[in-house]
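Enquirer: next one to model:
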Amino acid sequence: MSRHDPEKLYPGFPGTEPSEHIRTIPACAALGMSQRATIGAPVATSLDAALPAVCDTHGRVSRGAALVLADQATAGGVFTTLPHPTPMMTLDLRVDWFGPLPAAPISCTIDEVTREGDLALSRGHLTSGGKPVGATVARYLVGSMPGGTPGRMDGRSEMLPPSTAANFAAYLGAVPTIDGMTMRPRSEHVGAPLPAYHGGVIAGLLEQAGVAAIDPAFRPLDIEIRFLAPALATLPLVARVVPRRTGRRAITLDIDAHQGDPSRPVAIARMLAITDAAGDPIRHALPRE
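Expert: Prediction:
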């Protein structure tokens with residue numbers, strides 16, 4: 001597909017076909033992402049559950065991989081609102097889970113994007129086989145690279161291969177510490193060309209550290225991440241877990257990430273986990289104005 005075909009990409013979408021741009025982003029290519037972004041059709045980003053690096057040790061899609069998906073998919077939604085390809089950075093990301101993820105492909109489809117000057121709020125839903133598995137919302141600052149510096153879309157054009165990791169945990173390569181986890185940088189963790197860690201990879205590390213700190217009887221219900229500063233993909237990333245409330249049915253955790261100075265976190269997150277058994281999620285469409 002090219003921009004001269006009858007079904008064109010949105011003008012603000014980078015590349016000449018929907019998946020071209022993400023295949024040049026190391027973290028997205030590593031997880032085998034693909035996109036649909038033609039005018040008049042749903043804007044969706046997908047993960048292939050057949051790729052081991054996308055899955056947990058049970059063969060289901062990893063929530064960490066789904067966080068990388070949600071971050072990239074919501075950014076894709078913002079691209080559709082732009083007159084030409086423009087860089088942006090993630091300010092915050094939230095995902096609500098509807099039960100465990102399946103051992104099947106999942107997609108994140110964008111529902112709406114609201115622009116307020118250079119700020120953009122992108123909402124989407126995650127599905128597998130037509131069934132809801134999660135919902136996401138993210139806010140972006142358009143026109144800036146990580147760190148708030150003005151930038152432009154870089155000229156990366158090399159199509160990168162998927163990761164050969166045995167599962168998502170192996171893709172991250174994080175090791176336990178006394179109060180969290182530490183992840184050493186890999187080229188396939190990169191998002192922005194600083195090089196900086198992909199926001200979804202940071203989210204995946206925070207999620208993995210949080211889950212490792214709670215009783216397996218609890219299942220994560222949601223996680224919200226705020227990105228405070230660029231996380232350079234030349235330095236290790238240290239995740240630290242602080243339990244806030246532990247009850248019989250619910251646990252609330254705070255998790256932060258730093259790169260050497262705990263007093264200067266690059267990201268903070270809050271996770272809620274519950275013991276309630278997962279139900280059968282049903283989406284109810286309500287009237288819209």
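Enquirer: spatially central residue for the protein, please.
Expert: residue 68 (2.6 Å; Cα atoms, centre = their mean).
Enquirer: which non-adjacent residue is nearest it?
Expert: Nearest residue to residue 68 in three dimensions, chain neighbours excluded: residue 200, at 3.1 Å (Cβ to Cβ, 6 or more residues apart in numbering). The C-beta positions use only the backbone N, C-alpha and C, and glycine is treated the same way.
Enquirer: ditto for residue 239
Expert: That would be residue 209: by Cβ to Cβ, 6+ apart, it lies 3.9 Å from residue 239.
Enquirer: neighbours of residue 51, just the number please.
Expert: Residue 51 has 21 neighbours, counted by other Cβ atoms under 10 Å.
Enquirer: that one contacts residue 33, doesn't it?
Expert: No - Residue 51 lies out of contact with residue 33 (Cβ atoms under 8 Å); the separation is 9.7 Å.
Enquirer: ok, then the element right after the strand or helix carrying the residue nearest to residue 239?
Expert: According to DSSP states H and E, residue 209 maps onto helix 199-212. Downstream of helix 199-212, the next assigned helix or strand under DSSP H and E is strand 219-227.
Enquirer: before we move on, the earlier item: quick one: the helix holding residue 209 to chain centroid distance?
Expert: Offset of helix 199-212 from its chain centre (Cα atoms, centre = their mean, to the nearest Å): 10 Å.
Enquirer: give the buried residues for that helix.
Expert: Going by neighbour count (16 or more other Cβ atoms under 10 Å), the buried part of helix 199-212 is 199-211.
Enquirer: what bits of the stretch 51-200 of the chain have low per-residue confidence?
Expert: 146-155 (pLDDT under 70).
Enquirer: how about the strands in it?
Expert: 88-97, 106-116, 119-128, 131-142, 175-177, 180-183 (DSSP state E, counting those that start in this stretch).
Enquirer: among those, which is nearest residue 269?
Expert: strand 88-97 (9.1 Å; Cβ to Cβ).
Enquirer: which one of the buried residues of helix 199-212 sits closest to residue 108?
Expert: Using Cβ to Cβ, residue 200 comes nearest to residue 108 of the buried residues of helix 199-212, at 10.9 Å.
Enquirer: on that earlier part again, okay, the strands of the stretch 51-200 of the chain in a markdown table with distance to residue 73 and mean neighbour count next?
Expert: Listed next are these as a markdown table, based on distance: least, Cβ to Cβ, whole Å; neighbours: other Cβ atoms under 10 Å:
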| stretch | distance to residue 73 | mean neighbour count |
| --- | --- | --- |
| strand 88-97 | 11 | 22 |
| strand 106-116 | 4 | 18 |
| strand 119-128 | 6 | 21 |
| strand 131-142 | 7 | 21 |
| strand 175-177 | 29 | 11 |
| strand 180-183 | 23 | 22 |
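Enquirer: any chance of those strands in TSV, plus distance to residue 264?
Expert: Converted to TSV, the strands of the stretch 51-200 of the chain look like this (distance: least, Cβ to Cβ, whole Å):
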stretch	distance to residue 264
strand 88-97	18
strand 106-116	28
strand 119-128	24
strand 131-142	20
strand 175-177	18
strand 180-183	16
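Enquirer: assess the claim that residue 76 and residue 107 are in contact.
Expert: No - in this structure, residue 76 is not within contact of residue 107 by Cβ under 8 Å, at 11.5 Å.
Enquirer: please enumerate the shared neighbours of these two.
Expert: Residues touching both residue 76 and residue 107 by Cβ atoms under 8 Å, 6 or more residues apart in numbering: residue 45.
Enquirer: and the lengthiest helix in the chain, C-alpha only, in CSV?
Expert: The residue-count maximum for a helix in the chain (DSSP state H) belongs to helix 63-79. The C-alpha coordinates for helix 63-79 follow below in CSV (Å, rounded to 0.1, in the frame of the first residue of the first chain):
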residue,chain,number,x,y,z
ARG,A,63,0.2,-8.5,30.4
GLY,A,64,3.6,-6.9,30.0
ALA,A,65,3.6,-7.4,26.2
ALA,A,66,0.0,-6.1,26.2
LEU,A,67,1.2,-2.9,27.9
VAL,A,68,3.8,-2.4,25.1
LEU,A,69,0.9,-2.9,22.7
ALA,A,70,-1.4,-0.5,24.5
ASP,A,71,1.3,2.2,24.6
GLN,A,72,2.1,1.9,20.9
ALA,A,73,-1.6,1.5,19.8
THR,A,74,-2.7,4.6,21.6
ALA,A,75,0.1,6.6,20.0
GLY,A,76,-1.1,5.3,16.6
GLY,A,77,-4.5,6.8,17.4
VAL,A,78,-2.9,10.2,17.9
PHE,A,79,-1.1,10.0,14.6
